[in-house]
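no letters, just coordinates:
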Ligand code: SF4
């Protein structure tokens, strides 16, 4: 198949969903789709309606906005409150709540926050605003890290003195390790994220198979991709032979993208990172290497960090449990009542890739 229409062919979709239904065993099968785009497309294309009730798709922590911790948003807000600074961010981050405010509210008050569409835009803004300290909010997974690394290297080459990066970049395999360990989830398989896998390759998931005997299938984003990925995982389950399968062969190779991996390791070092809802996970984040500290916002600004207390958390918000896959969004008492995309209370309702947002739009 070469064209997107072919991956959405209703005849083929019906055929594969019938095949899934015909092989489905009686017991529950829990599959975690790690990527937010899988979550969104699963409901957007109505795939949930085609599959058996005892096949449970659990949303994983694959939305970068949702997993950015409150402390990170608080730091960005502190920077935005200084009139000498200009914060650059992807649009989704604007409405994510920090402890007491959001970047959107700060932008309304003082205008020190601007939306950009690529990390490379930060170079242009920094050149055009020589009197400001320009701070780019570096958020995302292995997919966005290469462009951010390239932007930092370009900033060095251009000798820019007023551009900084506040890194909250995260790595997916350590988060999967954390979730695979959680016996409460009873996972039978992972639908591994397509975009991240383009960079890290299939080999990056081998440890899940060896350590936890949980099947993995790297899967594309079109309806037929997702259904085929699910079909492969159920087959593995039935044969009691979990394995590492690559459904997304048109984009993902065993070794991934060596050039992208090289530029990431040129600029960043692996460190522990805080994930909203999951807490601190060892070796799951990317920090800027010391040799580039002139561009590291953490090293060039001081922060008045406040650990969020229970009182600072939104009462009744269950984002943490949604991000751990322990509950589906509708279980949160605020879902579609106090919390909806127009008035999000937690980050999972903010981004299109957030589980709560996907459930609200397509499954309310
Ligand atoms: S519905 Fe809103 S408050 Fe509840 S878990 Fe989702 S984002 Fe958080």
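Looks like it came in fine. These numbers were taken from a predicted model, which means no experiment stands behind them.

got phi/psi on the residue in the stretch 151-300 of the chain that the ligand sits nearest to?
For the stretch 151-300 of the chain, the residue positioned closest to the ligand under C-beta to the nearest ligand atom is residue 277, at a distance of 9.3 Å. All C-beta atoms are positioned from the backbone trio N, CA, C, and that covers glycine. According to degrees, to the nearest 10, the main-chain angles of residue 277 amount to phi 90, psi -30.

pull the contacting residues for it.
With contact taken as C-beta atoms under 8 Å, 6 or more residues apart in numbering, residue 277 is in contact with 61, 66, 67, 319, 320, 321, 322, 323, 324.

and the residues you listed, which of them are buried?
By the neighbour-count criterion of 16 or more other C-beta atoms under 10 Å, the contacts of residue 277 include these buried positions: 61, 66, 67, 319, 320, 322, 323, 324.

for the closest residue to the fourth one other than its chain neighbours, give its distance to residue 323.
With C-beta to C-beta, 6 or more residues apart in numbering as the measure, residue 346 is the residue that lies nearest to residue 319, at 3.8 Å, once sequence neighbours are left out. Separation of residue 346 from residue 323 (C-beta to C-beta, to the nearest Å): 9 Å.

got a list of what the residue of the stretch 251-364 of the chain at minimum distance from the ligand touches?
Residue nearest to the ligand within the stretch 251-364 of the chain (C-beta to the nearest ligand atom): residue 346, separated by 2.5 Å. By C-beta under 8 Å, 6+ apart, the contact list for residue 346 reads 97, 314, 317, 318, 319, 322, 332, 334, 339, 356.

among the residues you listed, which are in reach of the ligand?
Contacts with the ligand within the contacts of residue 346, as defined by C-beta under 6 Å from any ligand atom: 317, 318, 319, 322, 332, 334, 339, 356.

which of the residues in stretch 247-255 are buried?
Applying a neighbour-count criterion of 16+ other C-beta under 10 Å, one finds 247, 248, 252 buried in stretch 247-255.

quick one: mean pLDDT for the host helix or strand of residue 61?
Assigning secondary structure by DSSP states H and E places residue 61 in strand 55-62. Taken as a whole, strand 55-62 has an average pLDDT of 91.

same deal with stretch 226-233?
97.

for the remainder of this discussion, apply numbering that starts at 13.
Sounds good: first residue 13 from here, last item stretch 238-245.

now do the strands in the protein.
Per DSSP state E, the chain carries strands over the ranges 41-47, 67-74, 97-101, 125-127, 145-152, 175-182, 201-204, 227-230, 256-258, 280-287, 291-300.

just name the most buried of those strands.
With neighbours defined as mean count of other C-beta atoms under 10 Å, these peak in mean count at strand 201-204, which reaches a mean of 29.
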